[in-house]
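> Build me a structure from this.
(one chain, ligands or ions: 1)
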Amino acid sequence: MRVHRKKLRLVVGSDAAGREYKNTLAADLRASPLVATVIDVGSDDRTRRPYPEVAFAAGQLIAAGQADRALLVCHTGLGMAIAASKVRGIRAVTAHDPLSVRASVLSNNAQVLAFGQGVIGLDLARSLAAAWLTHRFEPASSAAVKIEAIRAFEHQHSPAAATSDQPR
Ligand SMILES: O=C[C@H](O)[C@H](O)COP(=O)(O)O
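This is a model prediction of the structure:
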């Protein structure tokens with residue numbers, strides 16, 4: 001049976017330490033039939049954007065409804081996930097194995113996946129990214145209650161800036 005999946009609008013980004021993987025992964029994603037668009041927020045060969053700047057840009061595109069998910073790469077994948085998670089409404093994870101990548105979508109509804117170019121080989125990164133595209137969060141699942149708890153906590157304890165509390 002053919003499973004219909006809405007094509008994803010993606011963001012890719014890296015600092016200098018993740019640029020090689022990011023460029024390869026971006027090409028893979030652009031070639032995927034599961035992908036509608038890929039926005040590259042850098043770094044490119046001329047820029048050396050620090051990871052927080054890249055992660056904030058990616059998270060803000062998702063928070064603004066201009067993209068569905070982001071795949072970010074730095075040396076470890078840690079800083080990208082920390083920084084992207086600071087954008088209101090964004091759940092970002094670092095994951096380097098198939099179970100965690102799958103759970104990041106199905107269980108955590110994470111919009112951002114971060115890889116470490118210094119942690120895993122390129123072949124594994126490409127294979128994990130390809131699998132990541134096939135996963136979709138199921139809003140009717142039992143996981144949704146926990147995602148709502150995270151959202152509610154954020155709204156209660158982290159007052160929104162006037163410009164960033166738009167409904168999503
Ligand atoms: O988590 C951070 C990343 O691994 C980044 O690529 C390296 O950060 P640094 O420039 O602070 O060493």
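> who touches the most centrally placed residue in the chain in this structure?
The chain has Val112 as the residue nearest its centroid, 1.8 Å off, counting by CA atoms, centre = their mean. Shown in contact with Val112 (CB atoms under 8 Å, 6 or more residues apart in numbering): 55, 58-59, 62, 69-72, 80-81, 84-85, 90-93. For the C-beta atoms, the positions are set from N, CA and C on the backbone; glycine is no exception.
> Give the other helices and strands that the lengthiest helix in the chain contacts.
The longest helix of the chain (DSSP state H) is helix 143-157. Packed against helix 143-157 by the contact rule (3 or more CB pairs under 8 Å, 6 or more residues apart in numbering; DSSP states H and E) you find no helix or strand.
> at 10 Å what do you get?
Packed against helix 143-157, as judged by 3 or more CB pairs under 10 Å, 6 or more residues apart in numbering; DSSP states H and E, are the following elements: helix 98-106.
> what mean pLDDT does the helix it packs on have?
For helix 98-106, the mean pLDDT works out to 98.
> gap between it and the chain center?
Averaging C-alpha positions (CA atoms, centre = their mean, to the nearest Å) puts helix 98-106 12 Å from its chain's average.
> Could you check the angle it makes with helix 143-157?
Interaxial angle, helix 98-106 versus helix 143-157 (axes from the mean of the first three to the mean of the last three CA atoms, to 10 degrees): 70 degrees.
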